[in-house]
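In: model this:
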Amino acid sequence: MSELHRGQELCGRHSEREALDRLLDDVRSQHSRVLVLRGEAGVGKTTLLEYLVTSASGCRIARAAGVESEMELAFAGLHQLCAPMLPHLARLPGPQRDALSTAFGLSAGAAADRFLVGLAVLSLLSEVAEERPLICVVDDAQWLDRASAQVLGFVARRLLAESVAMVFAVRERSEDQELGSLPVMVVGGLSDADARALLGSATPGRLDERVRDRIVAESNGNPLALLELPKGLTAAELAGGFGLPGTRPLGSVIEQSFIRRVQSLPVETQRLLLAAAAEPVGDVTLLWRAAKVLGIGADAAAAAEADGLIELGARVRFRHPLARSAAYRAAAVRERQEIHRALAEVTDPSADPDRRAWHRAQAALGPDETVAAELEQSADRAQGRGGIAAAAAFLERASELTPDPARRAARALAA
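Out: Below you'll find the predicted structure:
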């Protein structure tokens with residue numbers, strides 16, 4: 001996100017910023033803190049997390065983000081958060097080290113005990129925080145896989161005097177039982193005055209007063225809605241009548257705005273965005289390998305980056321989760337299948353066989369026993385790591401791709 005956009009979306013967030021500043025002061029004073037930012041899509045939770053990260057001078061940052069397409073992959077979110085800290089793994093007690101290694105697929109063994117995995121992560125964070133204060137930021141926590149959410153909730157409730165902060169951002173209506181008992185800061189809409197100021201800063205020229213009042217009223221002070229809804233409208237529409245759909249959830253309205261922006265980009269850029277959306281790990285090297293297979297040139301990213309939809313740095317980052325879902329939904333089914341086929345082709349079958357199998361399954365045009373068998377093997381590995389929900393998801397998709405009726409029924413029953 002550009003500094004301009006970040007500054008705009010922080011408009012009116014004085015109390016929230018002060019709360020995050022106090023959190024940082026506490027952690028720097030060797031006190032642990034936990035906070036859940038709760039609010040609707042687009043209300044500014046991600047922007048507040050970015051404010052926290054940029055304000056955390058002298059601290060180490062660990063980040064993760066829930067990804068809807070990875071909700072069935074056990075410990076996927078936890079691995080995102082902890083992967084940079086794994087050099088400290090050798091310092092943990094043996095049983096904890098073994099449990100975490102098994103959960104992350106670093107070693108073979110019995111299904112990881114969730115209690116030991118939780119203790120291992122708690123110990124790991126404490127070890128890392130010995131060097132300097134640690135800020136753990138988890139965005140879109142409503143999309144964490146269940147195993148990761150359970151472990152992170154367990155850890156958050158047991159932090160004591162460590163210099164560790166855990167800050168989660170979660171949708172307002174998510175069923176996050178694992179985070180339900182943690183301290184909450186509700187992130188609501190902006191006041192009318194702040195909403196008008198934000199809208200004025202983002203809209204060139206003078207807005208018709210009735211148009212402005214309607215945008216402010218229908219956005220309910222949602223910053224992303226205020227920034228996105230006027231885009232793509234003509235000067236005449238902004239100056240006179242402005243018909244906004246009032247029956248869809250706000251997330252859907254914002255997503256439709258993102259879809260329009262995606263569809264206005266060059267075809268090659270749309271295909272690159274689709275590949276980035278279908279590859280939720282954010283591996284920029286893998287993305288460019290897939291782009292090469294698809295015949296997409298390096299200059300395809302320029303238009304999307306210029307429009308503020310995506311950043312391609314050390315990792316792939318969409319401006320907002322709804323931008324990612326819009327890039328995926330804007331494509332036809334056949335286009336998605338082509339992208340998943342390319343991603344499967346460039347995913348290392350030895351290093352990441354499960355994600356490769358999943359991409360192959362999404363690319364399948366019909367029943368395919370070879371892919372179904374790979375998914376069945378992925379289910380076995382997931383179950384070995386204690387990922388029951390992941391195993392069920394793999395088996396369910398395997399059953400859909402199984403040509404033989406008897407074997408299809410057996411896999412469905414196993415799922």
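
In: Show me how far stretch 78-89 is from its chain's centre.
Out: Between the mean C-alpha point of stretch 78-89 and the mean C-alpha point of its chain there is a distance of 18 Å (Cα atoms, centre = their mean, to the nearest Å).

In: where does the stretch 251-400 of the chain have low pLDDT?
Out: Residues of the stretch 251-400 of the chain that meet the criterion pLDDT under 70 lie in 251-253, 280-281, 321, 386-387, 389.

In: where along it do the strands fall?
Out: Per DSSP state E, counting those that start in this stretch, the stretch 251-400 of the chain has strands spanning 310-312, 316-318. These are given in chain order.

In: What are the contacting residues of the first one?
Out: With Cβ atoms under 8 Å, 6 or more residues apart in numbering as the test, strand 310-312 has contacts from 1, 273, 276, 284, 287, 301, 304-305, 316-319, 323. From N, CA and C alone the C-beta is placed, and that goes for glycine too.

In: What is the burial count for D352?
Out: Around D352 there are 16 other residues, counting by other Cβ atoms under 10 Å.

In: What is the helix or strand in which E50 is found packed up against?
Out: Secondary-structure element containing E50, defined by DSSP states H and E: helix 45-55. Helices and strands touching helix 45-55, as assessed by 3 or more Cβ pairs under 8 Å, 6 or more residues apart in numbering; DSSP states H and E, comprise helix 3-9, helix 14-28, strand 33-39, strand 134-139, strand 164-171.

In: Tell me which of these sits most buried.
Out: strand 164-171 (a mean of 25; mean count of other Cβ atoms under 10 Å).

In: List the buried residues in the helix holding E50.
Out: Of all the residues in helix 45-55, those buried under the rule 16 or more other Cβ atoms under 10 Å are 45-52.

In: Just the mean pLDDT for that helix, thanks.
Out: The average pLDDT within helix 45-55 is 94.

In: What is the subsequent helix or strand relative to that helix?
Out: The helix or strand immediately downstream of helix 45-55 is strand 60-65, counting by DSSP H and E.

In: How much space separates C82 from F75?
Out: Spatial separation of C82 from F75 under the definition Cβ to Cβ, to the nearest Å is 9 Å.

In: What of L286?
Out: Taking Cβ to Cβ as the measure, L286 and F75 are separated by 20 Å.

In: Tell me which of these two has more neighbours.
Out: Taking other Cβ under 10 Å, L286 and F75 do not tie; F75 has more neighbours (27 against 19).

In: who's in contact with the more buried one?
Out: If you count contacts by Cβ under 8 Å, 6+ apart, F75 has them with 103-104, 112, 117, 145, 147-148, 151, 385, 387.

In: tell me which of those residues is nearest to E335?
Out: Using Cβ to Cβ, the shortest approach to E335 within those belongs to D145, at 27.0 Å.

In: Okay, now the unreliable bits of the stretch 51-200 of the chain?
Out: By pLDDT under 70, the weakly predicted segments of the stretch 51-200 of the chain are 173-176.

In: mind redoing it with 90?
Out: Using pLDDT under 90 as the threshold, the predicted model of the stretch 51-200 of the chain has low-confidence ranges 66-74, 76, 104-114, 143, 145-146, 160-162, 171-181, 189, 191-193, 195-200.
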